[in-house]
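Peer 1: Structure, please.
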Amino acid sequence: MANCPIPLPDCTFRKPSRLHINLYYFIFTIIACTVCYYIGLWQHSPAGTDHISATSFIADDPVCIHRNSTPAPSTTSTNLDFTAHHYPPDPPPKEARQYEFPPCDASLSEYTPCEDVQRSLKFDRDRLIYRQRHCPGLGEVLKCRIPAPNGYRIPFRWPESRDSAWYANVPHKELTVEKKNQNWVRFEGDRFKFPGGGTMFPHGADAYIGDIGKLINLSDGSIRTAIDTGCGVASWGAYLLSRDIIAMSFAPRDTHEAQVQFALERGVPALIGVLASVRLPYPSRAFDMAHCSRCLIPWGQNEGSYLVEVDRVLRPGGYWVLSGPPINWQKHWRGWERTRESLEEEQDGIEKVARSLCWKKLVQKDDLAVWQKPTNHIHCKITRRVYKNRRFCQPNHPDQAWYTKMGTCLTPLPEVTDIKEVSGGQLAKWPQRLNSIPPRISSGSLKGITADMFIEDSQLWKKRVAYYKTLDYQLAESGRYRNLLDMNSYLGGFAAALVDDPVWVMNIVPVEAQVNTLGAIYERGLIGTYQSWCEAMSTYPRTYDFIHGDSIFSLNKDRCETEDILLEMDRILRPQGSVILRDDVDVLLKVKSIADAMQWDTRITDHEKGPHERQKILLAAKQYWTAPADGQNQQR
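Peer 2: Numbering: from 1, shown residues only. Predicted coordinates for the structure are as follows:
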């Protein structure tokens, strides 16, 4: 022990503690950082006279000069530039746009691909096969946009459209001459007028429907859906709407020029179609009433196959209404330029077919005759054992109706245990029918779809449609749209959510859908048809104001080209019409690129649940443009 210079109680040297060592390190670090900070501040200060920047070292280094051909200048301040200095060259015009869809020739303004007149002439005329759907092959599909006729105008709003249409939109005067005395349509100035007349209702469609209402009840909600064969300009369907009855009207493409086109311009549901050799594109037991007013269909011929098809689509207890030849032939035979014998033979043939279907003739009064289909087939099966006439079909998917051959056998109704029971289930009256559980669901016929799923789907679409109206102000504007199309309807929830708006919706169940739900849609009191979107629809250009599609491109991604579906949508969409599509975001990005090339105005927005959903919503609007006037460029 060393001696202490000053006497202390204990002068023993002690080892420094860990706390003191950490304190020394901390003080040293602070001093070092402070010195470095002031050196850096002095080095980057404009006042520094001896400043040499890092870039000057790079400039003086021959290796760095070799790597960078432009030496950085020695300055008193260094500004870092983070912008890009290398750009790819601009692509040539053809490569800049991946898709290109020029306008079609003006002569194609009314092009209906699957009912093209020139193509149809190549097919058999027997049983009107040439008037059925005959779609173009892959090499024949047009890759251009169908123009509206020059001078096209946005159609009148409903209900004014029921009675008026612009001449420029359907420039055909043939019916105004051919049906002049029957009051179908008149030409006045720049528009057509539809007085509501018809061949068999000279006093107007409304009075004619009133006469039918005296024979069967049209006002208690038991009749909601109807089908009109050979509809003309669809005045019967147009005037039924005021009675809350919605009719699916159809007629061939080339019987009278533009009759179905007139119907659609008026805002009345219609399709191009014909009773020929294949089933109508509707499910069994779909319609409460079927109608023919001088539709010139040979009901008693071909083993009664046309009436057999009407029976298939007519619900149990439904009505068939016939006016025109041969009804009341005793009074009209001279005006019809037919012999009494031929007309009597025609009526006898119809009566015989109706009896073979177990229909009951309710009444024949003046020019109207009404038959009723039985509510079940218990009695019909008993009489079959006695009379042994028309046989029942084997179970063959009665709802299957896409390119399905028409037969002559009687489609059996679902089995019942009591003669008073309605086959397939009793339908509620309208409007309760809309939200009642469809019998096809409550009975378990649609596998995998329950009553709870139906209720949830209805509630879901009420929320979705409300959200749509915040995105598309035209959809929210009452009366702006009239003709709507839902490309993948499932249970009809989209249409049901719009039932209080002045619109009608064509509900499509794609033939590729996993479950055939179109029958349930009809049981709700809505209308629709089957369709494969890899083919064109049986309708004229500019049919719909608004098109909705839920996952339609995902459904068809391995079946056909996205651009062909979009071009078909463009064909049937009216100028300034809108589209709402919902699908996976990657699918919609591709759809948007094609729609942009078609010169639609598009944007993608979030799902109604928020931005974290993979499913997005694409909004699109078709621009207004028409075919050019002679010698002029296209009108925009």
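
Peer 1: Quick check: Ser593 touching Tyr99?
Peer 2: Yes: at 6.7 Å, Ser593 counts as touching Tyr99 under the criterion of C-beta atoms under 8 Å. Every C-beta, even on glycine, is put in place using the N, C-alpha and C of the backbone.

Peer 1: Go ahead and produce CSV holding the CA coordinates of stretch 130-146.
Peer 2: Taking Å, rounded to 0.1, in the frame of the first residue of the first chain, the C-alpha atoms of stretch 130-146 are listed here in CSV:
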residue,chain,number,x,y,z
TYR,A,130,-84.0,-20.7,-92.2
ARG,A,131,-85.6,-18.1,-89.9
GLN,A,132,-84.0,-19.6,-86.7
ARG,A,133,-80.7,-18.6,-85.2
HIS,A,134,-77.7,-19.3,-87.5
CYS,A,135,-74.7,-17.5,-86.1
PRO,A,136,-71.5,-16.6,-88.0
GLY,A,137,-68.5,-18.9,-87.6
LEU,A,138,-65.2,-17.8,-85.9
GLY,A,139,-63.8,-16.4,-89.1
GLU,A,140,-67.0,-14.4,-89.9
VAL,A,141,-67.3,-12.5,-86.6
LEU,A,142,-67.0,-8.8,-87.2
LYS,A,143,-64.2,-6.9,-85.4
CYS,A,144,-65.7,-3.5,-85.9
ARG,A,145,-68.3,-1.3,-84.1
ILE,A,146,-71.8,-1.2,-85.5
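
Peer 1: mind listing what Ile39 touches?
Peer 2: With contacts defined as C-beta atoms under 8 Å, 6 or more residues apart in numbering, Ile39 has no neighbours.

Peer 1: and stretch 402-415, which residues are buried?
Peer 2: Using 16 or more other C-beta atoms under 10 Å as the test for burial, stretch 402-415 gives Trp402, Thr404, Met406, Leu410, Thr411, Pro412, Leu413, Pro414.

Peer 1: now stretch 554-564, how far from the centre of its chain.
Peer 2: 15 Å (C-alpha atoms, centre = their mean, to the nearest Å).

Peer 1: list the buried ones in stretch 560-568?
Peer 2: Of the residues in stretch 560-568, those buried (16+ other C-beta under 10 Å) are Thr562, Glu563, Asp564, Ile565, Leu566, Leu567, Glu568.

Peer 1: okay, the residues you listed in a markdown table with pLDDT, distance to Val233 and secondary structure next?
Peer 2: Below are the buried residues of stretch 560-568 laid out as a markdown table (pLDDT from 0 to 100; distance: C-beta to C-beta, whole Å; DSSP: H, G, I helix; E, B strand; the rest coil):
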| residue | pLDDT | distance to Val233 | secondary structure |
| --- | --- | --- | --- |
| Thr562 | 97 | 36 | helix |
| Glu563 | 97 | 34 | helix |
| Asp564 | 97 | 31 | helix |
| Ile565 | 98 | 30 | helix |
| Leu566 | 98 | 31 | helix |
| Leu567 | 98 | 28 | helix |
| Glu568 | 98 | 25 | helix |
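
Peer 1: ok, so of the residues you listed, who is nearest His379?
Peer 2: His379 has its nearest neighbour among the buried residues of stretch 560-568 in Glu568, at 46.6 Å by C-beta to C-beta.

Peer 1: contact partners of stretch 165-181?
Peer 2: 148-153, 155-156, 184-187, 190-192, 194, 199, 233, 256-259, 261-262, 265-266, 542.

Peer 1: Could I have the ChimeraX command that selects the buried members from those?
Peer 2: Filtering the contacts of stretch 165-181 down to the buried ones (16+ other C-beta under 10 Å) takes a single ChimeraX command:
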select :148,149,150,152,153,155,156,184,185,191,192,194,199,233,256,258,259,261,262,265,266,542
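
Peer 1: Looking at the contacts of stretch 165-181, which are in strands?
Peer 2: Arg186, Phe187, Arg191, Phe192 (DSSP state E).

Peer 1: what are the bridge partners for the first one, then?
Peer 2: If I follow you right, that is Arg186. Applying DSSP bridges to Arg186 yields these beta-bridge partners: Lys193.

Peer 1: looking at it, it is touching Lys193, isn't it?
Peer 2: Yes: between Arg186 and Lys193 there is a contact at 4.7 Å, judged by C-beta under 8 Å.

Peer 1: which stretches of the stretch 151-300 of the chain have low pLDDT?
Peer 2: 255-256 (pLDDT under 70).

Peer 1: and with 80 instead?
Peer 2: 179-182, 254-257 (pLDDT under 80).

Peer 1: on that earlier part again, and the ones in strands among the contacts of stretch 165-181, which two are furthest apart?
Peer 2: The most widely separated members of the ones in strands among the contacts of stretch 165-181, counting by C-beta to C-beta, are Arg186 and Arg191 (9.5 Å).

Peer 1: Adding pLDDT and secondary structure, write the buried residues of stretch 402-415 out as CSV.
Peer 2: Below are the buried residues of stretch 402-415 laid out as CSV (pLDDT from 0 to 100; DSSP: H, G, I helix; E, B strand; the rest coil):
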residue, pLDDT, secondary structure
Trp402, 97, coil
Thr404, 96, coil
Met406, 95, coil
Leu410, 95, strand
Thr411, 96, coil
Pro412, 95, coil
Leu413, 96, coil
Pro414, 96, coil
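
Peer 1: Make JSON lines out of those and add distance to Asp244.
Peer 2: Listed next are the buried residues of stretch 402-415 as JSON lines, based on distance: C-beta to C-beta, whole Å:
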{"residue": "Trp402", "distance to Asp244": "29"}
{"residue": "Thr404", "distance to Asp244": "31"}
{"residue": "Met406", "distance to Asp244": "31"}
{"residue": "Leu410", "distance to Asp244": "31"}
{"residue": "Thr411", "distance to Asp244": "28"}
{"residue": "Pro412", "distance to Asp244": "31"}
{"residue": "Leu413", "distance to Asp244": "26"}
{"residue": "Pro414", "distance to Asp244": "27"}
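
Peer 1: Which of those sits closest to Asn507?
Peer 2: Set against Asn507, the nearest of those by C-beta to C-beta is Trp402 (15.0 Å).

Peer 1: looking at it, that closest one is touching Ser532, isn't it?
Peer 2: Yes: taking C-beta under 8 Å as the definition, Trp402 is a contact partner of Ser532 at 6.9 Å.

Peer 1: what's the overlap in contacts for those two?
Peer 2: Val511.

Peer 1: ranges for the strands of the stretch 351-500 of the chain?
Peer 2: Taking DSSP state E, counting those that start in this stretch as the test, the strands found in the stretch 351-500 of the chain are 360-365, 368-372, 483-486.

Peer 1: swap in the stretch 101-250 of the chain?
Peer 2: Under DSSP E, counting those that start in this stretch, the stretch 101-250 of the chain gives strands at 164-166, 186-188, 191-193, 225-229, 246-251.

Peer 1: and what of the stretch 501-636 of the chain?
Peer 2: Under DSSP E, counting those that start in this stretch, the stretch 501-636 of the chain gives strands at 504-510, 528-531, 544-550, 573-584, 600-605, 615-622.

Peer 1: Quick one, which of those strands gets closest to Glu341.
Peer 2: For the strands of the stretch 501-636 of the chain, distance to Glu341 was read as C-beta to C-beta. The smallest value, 39.8 Å, belongs to strand 528-531.

Peer 1: Give me the sheet partners of the closest one and which way each runs.
Peer 2: Strand 528-531 has these partner strands in its sheet, going by DSSP bridges: strand 504-510 (parallel).
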